[in-house]
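Trainee: Got a sequence here, can you model it:
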Amino acid sequence: MAQTQQYRIIQPAEVATGMVIRIHQKIVEGSSKDAKERIQVYEGLVLNVRGKSPNRTMTVRKVSNGVGVEKIFPLHLPSIEKIEAVKQYKTRRKNIAAVVASKKRLKEVPIKPARMKPAPAIPQESERLSASEEASDGPTVSIAEAPAESAPVEKTEQESSENGTEEKQPA
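Mentor: From the prediction side, this is the model:
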């Protein structure tokens, strides 16, 4: 059995000029009654990516039996199952149609990694708070532990008369 090589699956927005990609496209054969579905793989070099999303298209070229074949794919085509990146060539232009005559100008570079957001850090067991501390806004302090200055103090009639201020109590 032949070995299958694993390639990196990329999103349509990541397709760039100079990539060698494999496009897995769903093909429906036959009439609606006896329709058969199959996946067709088209591997080639991306010559050009043009347009704005959702009307973005890519021109892919491959050589089949000594004959060059170019195909234009809409990037958001519903029949495209997945796109795999095989190679990446260094390019300085958006359209590399000059490559059709000579491939000597291309230099292979590593495929750029996908741009992903970093995962949020998960605290370790020692850093996790207990359920009671997690539920409250801050650390809990009992009344006995509270400092005397922060506790509200009520003045009695004797203390207020000693200070020279009299409070009128509502009747």
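Trainee: got a list of contacts for stretch 32-52?
Mentor: With contacts defined as C-beta atoms under 8 Å, 6 or more residues apart in numbering, stretch 32-52 is touched by 15-30, 56-62, 69-71, 75, 81, 86, 89, 94-97, 99-100. No exception for glycine: its C-beta is placed from N, CA and C like everyone else's.
Trainee: just stretch 93-107 next, same as before
Mentor: 17-18, 45, 47-50, 61, 68, 89-91.
Trainee: mind running it again at 10 Å?
Mentor: 16-18, 20, 45-50, 59, 61, 63, 68, 70, 87, 89-92 (C-beta atoms under 10 Å, 6 or more residues apart in numbering).
Trainee: if we can go back for a sec, now, of the contacts of stretch 32-52, which are buried?
Mentor: 15-25, 56, 58-61, 75, 89, 96, 99 (16 or more other C-beta atoms under 10 Å).
Trainee: And the lengthiest strand in the chain, what's buried?
Mentor: Longest strand in the chain, counting residues (DSSP state E): strand 36-50. Residues of strand 36-50 classed as buried by neighbour count (16+ other C-beta under 10 Å): 42, 44-49.
Trainee: Make sure residue 99 is indeed in a helix.
Mentor: Yes: under DSSP: H, G, I helix; E, B strand; the rest coil, residue 99 falls within a helix.
Trainee: neighbouring strands for the longest strand of the chain, and are they parallel or not?
Mentor: strand 19-29 (antiparallel), strand 57-64 (antiparallel) (DSSP bridges).
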